[in-house]
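**Student:** Structural data only, the sequence is not supplied:
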């Protein structure tokens, strides 16, 4: 039987631990686990701990933690900062889920000229919390003990100005371009919206050191393109080789 992995927003130092509200709800009401069952707990610091449930109720779960952390899956040696234009429906949720599974270090939702998503104020804050939970669930599923940084939604120009990656790539279906260079330790990857980036946005990126990247002869959807690109990058320089 697979041992569930559960994220907790609290220190893990061994001994008895009363799970926080989210984790207790997930373990006690969603998974319906009872005393004697085993868990793996992690809090994003890179470690994970085996635990056994001592008490389980609707809103309270008490666990006994092992004192020594488990051997962790190493983070990818390639730091990928994904900047992707906002999209409607559950497409953006899918990108966050799959990019987390594929090992990116950060994801920044972007407002670009052709983004047709209106988010601000309380609605945007609610979305940010939702995306954070999508990422946490993906970490629980895929075995990551580190968390992906879900950055605040921002304008493309703002994201672009704060980049420090040694290689910057912008996906351009209409511009022929391949990945250049023999090595890379950090990459900024820009993916546009359903209607694509505008010519002026692409020109600004190229002027600021981005290289154009074309993923074959077919035009990929905005939720497909980052998954394909990240997989290629992880195969070439990361931990999927």
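**Tutor:** Great, that's in hand. None of the values given here were measured: they were computed from a predicted structure. Numbers count the residues shown, from 1 in each chain.

**Student:** following the lengthiest helix in the chain, which helix or strand shows up next?
**Tutor:** Counting residues, the longest helix in the chain under DSSP state H turns out to be helix 121-142. Note on helix 121-142: by DSSP states H and E, the next helix or strand toward the C-terminus is strand 149-150.

**Student:** partners of the helix or strand that that next one is followed by in the sheet?
**Tutor:** The element immediately downstream of strand 149-150 (helix or strand, assigned by DSSP H and E) is strand 154-155. The strands beside strand 154-155 in its sheet (DSSP bridges) come out as strand 106-111 (parallel).

**Student:** Nearest residue to the middle of the chain?
**Tutor:** Nearest residue to the geometric centre of the chain (CA atoms, centre = their mean): residue 100, 3.3 Å.

**Student:** Could you check how far it is from residue 107?
**Tutor:** The spacing between residue 100 and residue 107, counted by CB to CB, to the nearest Å, is 8 Å. The C-beta positions use only the backbone N, C-alpha and C, and glycine is treated the same way.

**Student:** now residue 82
**Tutor:** 5 Å.

**Student:** Check residue 61 too.
**Tutor:** When distance is defined by CB to CB, residue 61 is 30 Å away from residue 107.

**Student:** Quick one: residues contacting the residue lying closest to residue 52 once chain neighbours are set aside.
**Tutor:** The shortest distance from residue 52 to any non-neighbouring residue, by CB to CB, 6 or more residues apart in numbering, is to residue 64 (5.0 Å). Remark: with contacts taken as CB atoms under 8 Å, 6 or more residues apart in numbering, residue 64 is in contact with 15-17, 51-52, 54.

**Student:** what about the strand or helix carrying residue 64, distance to the chain center?
**Tutor:** Per DSSP H and E: residue 64 is located in strand 61-65. In terms of CA atoms, centre = their mean, to the nearest Å, the centre of strand 61-65 is set 28 Å apart from its chain centre.

**Student:** before we move on, what about stretch 175-189?
**Tutor:** The answer for stretch 175-189 is 20 Å, by CA atoms, centre = their mean.

**Student:** pLDDT on it, on average?
**Tutor:** Confidence over stretch 175-189 (mean pLDDT, whole number) is 82.

**Student:** what is the mean pLDDT for the longest strand along the chain?
**Tutor:** For the chain, the strand with the greatest residue count under DSSP state E is strand 48-56. For strand 48-56, mean pLDDT is 94.

**Student:** Quick one: mean pLDDT over the longest helix of the chain.
**Tutor:** Across helix 121-142, the average pLDDT comes to 95.

**Student:** same deal with stretch 220-229?
**Tutor:** 95.

**Student:** Which residues does it contact?
**Tutor:** With CB under 8 Å, 6+ apart as the test, stretch 220-229 has contacts from 82, 84-85, 87, 91-92, 94-95, 98-99, 102, 169, 171, 173, 189, 191-194, 213, 215.

**Student:** Done for today, thanks.
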